[in-house]
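Asks: have a look at this prediction, sequence included:
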Amino acid sequence: MKYLIKGKGEAVVLLHGWGANKEAMQPLTEALSGEYTVIAPDLYGFGASPTDRVMTLDDYVVGIQTLLMKENVSGATLIGHSFGGRIAVRLAARRPDMVKKLVLIDAAGLKPRFDPRRTIKRAVNAFGKATGWFRPRGSADYENATGYMRGTFLNVIHDHQNGECPLICCPTLIIWGAEDRDTPPYMARKFNRLIPRSSLRILPGAGHFSYLDAPSQTAFLIKEFLGNDCKRD
């Protein structure tokens, strides 16, 4: 796993979303590297970190653990956007000794609530696959994935983490775009309910990439959080 290190101070690990790379986290890297040691990896299958097999979420978690041990980091703040949030949640739940604080930005990982449109789409795709009349269509992320990453995508999206959230014992800040359509705000509120020491901040007008839509506000919230204990709303 290739990664960038910039700055000096306590370690902050930036975990990018699906289809992105460490460069996508550059606004946060620049905002935080003046006060912290920022570690920004290219997750397996993205950027400069190729993969030679289908991966699972656990593989990504082990990759980040290995990175932290290599850099002699005993306790880091994890900042995960979307798919990166899945990795951060699992690592915080399973290895509390390695995670000092947690920031989730428009994170994935929770089981979606019932949506009749999704159910209908699955039924149509199943019919097309069974009859051969048409090729089933997946999400944009699935359709854009190639090689091993299609299987990896399927492994990841079916790995729900609702049960892991109550196991997280570190202070947690949840930042969400009010206009997020990929991981809607109801998920933010659910994360807030499930994670014991969590605080939620909704950013008006921001979408799924809220840290890009509202960079100054996001950086301010993170810096405030890193400098103080997180109190539950």
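Replies: Perfect, thanks for sending it. Residues are numbered from 1 along each chain as shown.

Asks: ok, which stretches of this structure are helices?
Replies: Per DSSP state H, the chain carries helices over the ranges 26-32, 57-70, 83-94, 116-131, 140-144, 148-157, 185-194, 210-213, 215-227.

Asks: in contact with residue 150, which residues?
Replies: Each residue near residue 150 by C-beta atoms under 8 Å, 6 or more residues apart in numbering is listed here: residue 142. Using the backbone N, CA and C atoms, a C-beta is placed for each residue, glycine as well.

Asks: burial of the closest residue to residue 101 other than its chain neighbours, as a residue count?
Replies: Using C-beta to C-beta, 6 or more residues apart in numbering and skipping residues adjacent in sequence, the residue nearest residue 101 is residue 77, 4.3 Å away. Per other C-beta atoms under 10 Å, the neighbour tally for residue 77 reads 24.

Asks: how about residue 155?
Replies: 15.

Asks: pretty sure the residue nearest to residue 101 is touching residue 9, no?
Replies: No. Judged on C-beta atoms under 8 Å, residue 77 makes no contact with residue 9 at a distance of 10.7 Å.

Asks: need the residues touching each of those two.
Replies: Listed as contacting both residue 77 and residue 9 by C-beta under 8 Å, 6+ apart are residue 36.

Asks: distance between stretch 190-202 and the chain's centre?
Replies: How far stretch 190-202 lies from its chain's middle: 15 Å, per C-alpha atoms, centre = their mean, to the nearest Å.

Asks: equivalent analysis for stretch 81-90, please.
Replies: Counting by C-alpha atoms, centre = their mean, stretch 81-90 comes out at 3 Å from the chain centroid.

Asks: again, but for stretch 81-93
Replies: Counting by C-alpha atoms, centre = their mean, stretch 81-93 comes out at 5 Å from the chain centroid.
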